[in-house]
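Colleague: sequence first, then the predicted structure, then my questions.
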Amino acid sequence: MSAPAQAVGDLRGFLHGLPGVDRVGAEARAAMLASRSIKTTAKQWALDTAISMIDLTTLEGQDTPGKVRALCAKAQRPDPADPTAPMVAAVCVYPDLAHVAAAELKGGGVHVASVATAFPSGRTSLEVKLADARYAVSAGADEVDMVIDRGAFLAGDYQLVFDEIAAVKDACADAHLKVILETGELVTLDNVRRASWLAMLAGADFIKTSTGKVTPAATLPVTLVMLEAVRDFRDIHGRQVGVKPAGGIRTAKDAIRYLVLVNETAGEDWLDPRWFRLGASSLLNDLLMQRTKMMTGRYSGPDYFTVD
Amino acid sequence: MAKFEYAPAPESRSIVSLRESYGLFINGEFTPGADGRAFKTISPATEEVLAEVTEAGPADVDRAVNAARKAYEHAWSAMPGRERAKYLFRIARIIQERARELAVLESLDNGKPIRESRDVDIPLVAAHFFYHAGWADKLEYAGYGPAPRPLGVTGQVIPWNFPLLMLAWKIAPALACGNTVVLKPAETTPLTALAFAEICQQADLPPGVVNIVTGAGETGRALVEHPGVDKVAFTGSTEVGKQIARACAPTRKKVTLELGGKAANIVFEDAPVDQAVEGIVNGIFFNQGHVCCAGSRLLVQESVYAEVLASLRRRLATLRLGDPLDKNTDVGAINSAAQLAKIRELSEVGEAEGAQRWSPPCELPVKGFWFPPTLFTGVSQAHRIAREEIFGPVLSVLTFRTPAEAVEKANNTPYGLSAGVWTEKGSLILWMASRLRAGVVWANTFNKFDPTSPFGGYKESGYGREGGRHGLEAYLDV
């Protein structure tokens, strides 16, 4: 793997020259790591770490400023009964609500993330996408979650995808750019590896599995391949890129499996909210419930944790 | 200190109830040995004594063979296949029901990680009995004539690396075909075979159909040389296999042997690198390398040598060595002091002959028998570590430039049990597979076993096949 040139032919040649991914082997590896048994002190650490990595998300047409405020309150103090529960990493909303989140979270340490670029389909002109990203940043977003043009990617028009990511990165200025690959639409793990490299080469700060609007969303094998990609990318280019599985991660057990995957694939440098995030909403309550169980020895009902 | 330190997660031992001492399982019951000799079996991870086991002498073996003969003539060979099948299905289901207990027992006695005994060994044991239960009433369709006959009394000697799985490979087809069995488990790992004897009782298997005689080499010799045995099946070292072949040559006995190996795992430049590295690790560090078909010689195409080696080293550093009962352990204990001494000796020879030795930083427990995962680079075909079976977690890395050179090097061994090919090019897989002189060629995977798939060797890796339709031939008079 040599440093890529930007010319169309070279980018294609580079992406197609990446080592293949054997699906059977990748799934077997992910399944083996999912069988790790995380108990007692390790579980305690993992639960708190997972909470601190959450991008607490609401991305519904029916979202209201009130709901976003409630989410922000929860993000900063997830367990009203226990101030030792860590804050989450960010609150993730649509661009028109970014200013609400920004006002609520100001100075508190929780980031504002906003989706952009015609999320979730990405089907509009580059001008609109760039305007969308600028709008999010101007409304106070610290992080922008963009979607790639899957149609162009699947058609082999890699340069178009690359240029779009680079342009959005530019439009984001200081905001962190997370690039959503929508792996459920890319289908093959070879595509996941290529899209990961493409996004990283174009300047992504994070690569993210899914919008949450397409099934399947995040899976362990897909995340495994993306973690391998960021690991290899850092070896060659010296720049560390984060990974964010999003969608379908609902239980503490799932979250811990992702942490094990990070630990044994990319390594512990990525076990940090700066480099690994979990895009989720209902996951937080399960983590809190398990956390309370670890500390008190008892399960309390879902009524003891706030609904969003 | 690592950020994410996995806390100990040991599987509970309480599910296993060990007796202080075990007799021989002859004619459906546990009986004492004729001369009262016994030996101890220990846990290789802690050197703790687990139980005392009877050492069977010639008189005991004679008793077992006679019991098997009686059961063959009066019960088992005359029983319709569909009835034999019922017993095999019953055994398979009891194995599944007692899976956790058998897994813990296997890890205690053998030293292998519980993850392996739980996820690989025991499920495969049950699968072998289920599969062969299906054959018992369909033998006429196996391609060996309209009414293939069993051979009679089979004497079976199995090794310590997969104690219960090797028992299943031997006993399931023998019973399905209508033979009766006298089996000798390895002296360092007799406990799951004795648990299997209990399962035979639980399944109401007619007395004498399965007999288990424990002991070491002398017991095995008495069994193999017993004139009442019609068929000998052995899995173990090539050295002992040759002795058995010699002993049986002037007799009417049929013999199948599954012996050593020095398999080549061949990685081409277009291989899926991350999965190939997993396959290399699985090929040689699975079961501490105590696998006859282990991929102990890695052949890497020169153009990707540096990349593959770097990935491999990084991956080895994440292997977790320690308590076999910990659910997160990847590499367990070496089975015995004698085996450890052999691995150490050959590794020292490797260094002395000029190969470079490397192991990841890895703390070894103080008690018990342990050896770190080890790589040798700069190995040539002439080195002893590239030729002799080490049967431990030691990988020799060699390179090649062309497919023809890979085939030449892979086949340049007295053994021929298995091989692995890693490439995304389907035509190259087929080209390689048709030229590799090995009983099993795995493509883009390694150490995958299935009861439907025949397993066995070329050259000094032995003869006869186990598993699948082909494996039935070893237990039928054809």
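Modeller: Yep, that arrived. Residues are numbered from 1 along each chain as shown, chains lettered A, B, ... in the order given.
Colleague: for stretch B:198-212, C-alpha coordinates in PDB please.
Modeller: The C-alpha trace of stretch B:198-212 is given here as PDB (Å, rounded to 0.1, in the frame of the first residue of the first chain):
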ATOM      1  CA  GLU B 198     -20.400 -43.400  32.100                       C
ATOM      2  CA  ILE B 199     -22.300 -42.000  29.100                       C
ATOM      3  CA  CYS B 200     -22.400 -45.500  27.600                       C
ATOM      4  CA  GLN B 201     -23.900 -46.800  30.900                       C
ATOM      5  CA  GLN B 202     -26.400 -43.900  30.900                       C
ATOM      6  CA  ALA B 203     -27.400 -44.700  27.300                       C
ATOM      7  CA  ASP B 204     -27.900 -48.400  28.200                       C
ATOM      8  CA  LEU B 205     -25.400 -49.500  25.600                       C
ATOM      9  CA  PRO B 206     -25.200 -53.300  25.700                       C
ATOM     10  CA  PRO B 207     -22.300 -54.400  27.900                       C
ATOM     11  CA  GLY B 208     -19.100 -55.000  26.100                       C
ATOM     12  CA  VAL B 209     -19.900 -52.900  23.000                       C
ATOM     13  CA  VAL B 210     -17.500 -50.200  24.300                       C
ATOM     14  CA  ASN B 211     -14.600 -51.000  26.600                       C
ATOM     15  CA  ILE B 212     -12.100 -48.400  27.900                       C
END
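Colleague: any buried residues in it, and which?
Modeller: Within stretch B:198-212, the residues that count as buried by 16 or more other C-beta atoms under 10 Å in any protein chain shown are B:Ile199, B:Cys200, B:Ala203, B:Leu205, B:Pro206, B:Pro207, B:Gly208, B:Val209, B:Val210, B:Asn211, B:Ile212. Quick note: C-beta positions are derived from backbone N, CA and C, even for glycine.
Colleague: got it, and stretch B:240-259?
Modeller: B:Val240, B:Gly241, B:Ile244, B:Ala245, B:Cys248, B:Lys253, B:Lys254, B:Val255, B:Thr256, B:Leu257, B:Glu258, B:Leu259.
Colleague: now secondary structure too, for the buried residues of stretch B:198-212, in TSV please.
Modeller: Shown next, in TSV, are the buried residues of stretch B:198-212 (DSSP: H, G, I helix; E, B strand; the rest coil):
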residue	secondary structure
B:Ile199	helix
B:Cys200	helix
B:Ala203	coil
B:Leu205	coil
B:Pro206	coil
B:Pro207	coil
B:Gly208	coil
B:Val209	coil
B:Val210	strand
B:Asn211	strand
B:Ile212	strand
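Colleague: closest one of those to chain A?
Modeller: B:Ile199 (26.1 Å; C-beta to the nearest C-beta).
Colleague: which bits of chain B sit near chain A?
Modeller: For chain B, the residues in contact with chain A (C-beta under 8 Å from any C-beta of the partner chain) are B:2-9, B:115, B:119, B:270-275, B:278-279, B:318, B:327-328, B:424, B:444-445.
Colleague: list of residues touching the host helix or strand of B:Ile122?
Modeller: Assigned by DSSP states H and E, B:Ile122 belongs to helix B:122-135. Identification of contacts with helix B:122-135 by C-beta atoms under 8 Å, 6 or more residues apart in numbering or on different chains yields B:85-86, B:88-89, B:91-93, B:95-96, B:99, B:102-103, B:106, B:142, B:164-165, B:167-169, B:172-173, B:175-177, B:449-452, B:467, B:472.
Colleague: mind checking the SS state of the nearest residue to A:Ala246 once chain neighbours are set aside?
Modeller: Sequence neighbours aside, A:Gly279 is the residue nearest to A:Ala246 in space, at 2.5 Å (criterion: C-beta to C-beta, 6 or more residues apart in numbering or on different chains). Secondary structure state of A:Gly279, per three-state DSSP, is strand.
Colleague: what about the helices in the stretch 151-300 of chain A?
Modeller: A:158-172, A:183-186, A:189-201, A:220-237, A:252-265, A:283-296 (DSSP state H, counting those that start in this stretch).
Colleague: how about TSV for those helices, with mean neighbour count, distance to A:Glu127 and mean pLDDT added?
Modeller: Listed next are the helices of the stretch 151-300 of chain A as TSV, based on neighbours: other C-beta atoms under 10 Å in any protein chain shown; distance: least, C-beta to C-beta, whole Å; pLDDT from 0 to 100:
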stretch	mean neighbour count	distance to A:Glu127	mean pLDDT
helix A:158-172	20	10	98
helix A:183-186	22	24	98
helix A:189-201	24	21	98
helix A:220-237	21	30	98
helix A:252-265	22	36	98
helix A:283-296	20	36	95
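Colleague: could you dump the ones you listed to JSON lines with distance to A:Arg274?
Modeller: Shown next, in JSON lines, are the helices of the stretch 151-300 of chain A (distance: least, C-beta to C-beta, whole Å):
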{"stretch": "helix A:158-172", "distance to A:Arg274": "17"}
{"stretch": "helix A:183-186", "distance to A:Arg274": "22"}
{"stretch": "helix A:189-201", "distance to A:Arg274": "16"}
{"stretch": "helix A:220-237", "distance to A:Arg274": "13"}
{"stretch": "helix A:252-265", "distance to A:Arg274": "13"}
{"stretch": "helix A:283-296", "distance to A:Arg274": "19"}
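Colleague: and the residue nearest to A:Ala246, bridged to which residues?
Modeller: Taking DSSP bridges as the rule, A:Gly279 bridges to A:Asp55, A:Ala246.
Colleague: and A:Ser114, by the same measure?
Modeller: Per DSSP bridges, the residues bridged to A:Ser114 are A:Val93, A:Val144.
Colleague: who's in contact with it?
Modeller: A:Cys92, A:Val93, A:Tyr94, A:Pro95, A:Ala98, A:Ala101, A:Ala136, A:Ala139, A:Ala141, A:Glu143, A:Val144, A:Asp145.
Colleague: which of those lies closest to B:Glu389?
Modeller: Nearest to B:Glu389 among those, counting by C-beta to C-beta, is A:Asp145 at 54.3 Å.
Colleague: how many neighbours does that closest one have?
Modeller: Per other C-beta atoms under 10 Å in any protein chain shown, the neighbour tally for A:Asp145 reads 31.
Colleague: now B:Ala147
Modeller: B:Ala147 has 7 neighbours, counted by other C-beta under 10 Å.
Colleague: isn't it right next to B:Glu140, touching?
Modeller: Yes - counting by C-beta atoms under 8 Å, B:Glu140 is a contact partner of B:Ala147 at 6.0 Å.
Colleague: between its first and last residues, what's the separation in stretch A:52-64?
Modeller: Taking C-alpha to C-alpha, to the nearest Å, stretch A:52-64 runs 25 Å from one end to the other.
Colleague: for that stretch, which positions count as buried?
Modeller: Quick answer for stretch A:52-64 (16+ other C-beta under 10 Å): A:Ser52, A:Met53, A:Ile54, A:Asp55, A:Leu56, A:Thr57, A:Thr58, A:Leu59, A:Asp63.
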